[in-house]
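**Student:** fold the following for me, if possible:
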Amino acid sequence: MDQSQILSSPAARRDDPRLDRDAAALHAALSELIRVYQFRERDQICCHDLSVTQCHALEVLVEDGPLSMNDLAARLFLDKSTTSRVVDALERKEFAVREPNPADRRALHLSATRRGHDLLTRIREDILAEEKRLLVEFEPAVRREMARLISRLARAAAARIDTSGGTCSSIG
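**Tutor:** Prediction:
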């Protein structure tokens, strides 16, 4: 068995000393990227009378709605009470609405209103214009690979998040 076959097993990869260095470098890079994006998003979104969390909730409702409160909370990685307050604010601003679930009259569906759809379209246009200014410096193949790798990383990280409202746990 050659070195590439040995390092191809998951157990061997976890024991690879380079993994510690790579994990630290990834954490530092992602932390900086997230910090920059959070502030940039906040500055772009607040002009529309929304918090970043409200905007993320509106985005989920537009893309995946109608949803139950539990489903929205899970997609936002928030607890149900925090999600309820976010939805309350979206309703007051007439960007979302709670409606009876046709399949279960005891339950509610959360949906974006036409006004919410229109607002999200304007916000996305602003953000995408900024993304284009950022990406113009990179070759097309690099841009595509960045998007592919970041999406893959996001899916892998999301798959490891407990959305059941549990308590803190150690990483194992």
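**Student:** and after the longest helix seen in the chain, which helix or strand comes next?
**Tutor:** Of all the elements of type helix in the chain, the one with the most residues (DSSP state H) is helix 17-45. Along the chain past helix 17-45, the next helix or strand (assigned with DSSP states H and E) turns out to be helix 52-64.
**Student:** in that following helix, which residues are buried?
**Tutor:** Using 16 or more other CB atoms under 10 Å as the test for burial, helix 52-64 gives 52-62. For glycine as for every other residue, the C-beta is placed from the backbone atoms N, C-alpha and C.
**Student:** got these as TSV, with distance to residue 102 columns?
**Tutor:** TSV is the format used below for those (distance: CB to CB, whole Å):
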residue	distance to residue 102
52	32
53	28
54	26
55	28
56	26
57	22
58	22
59	24
60	20
61	17
62	20
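**Student:** helices of the protein, residue ranges please.
**Tutor:** 3-6, 10-15, 17-45, 52-64, 69-76, 80-92, 114-135, 140-159.
**Student:** and the ones you listed as a markdown table, adding distance to residue 101 and mean pLDDT?
**Tutor:** What follows is the helices of the chain, written out as a markdown table (distance: least, CB to CB, whole Å; pLDDT from 0 to 100):
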| stretch | distance to residue 101 | mean pLDDT |
| --- | --- | --- |
| helix 3-6 | 53 | 50 |
| helix 10-15 | 42 | 68 |
| helix 17-45 | 29 | 83 |
| helix 52-64 | 14 | 94 |
| helix 69-76 | 11 | 93 |
| helix 80-92 | 15 | 96 |
| helix 114-135 | 19 | 92 |
| helix 140-159 | 25 | 91 |
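**Student:** tell me which of these lies nearest to residue 108.
**Tutor:** helix 69-76 (6.9 Å; CB to CB).
**Student:** by contact count, what packs against that closest one?
**Tutor:** For helix 69-76, the elements it packs on are helix 52-64, helix 80-92, strand 104-112, judged by 3 or more CB pairs under 8 Å, 6 or more residues apart in numbering; DSSP states H and E.
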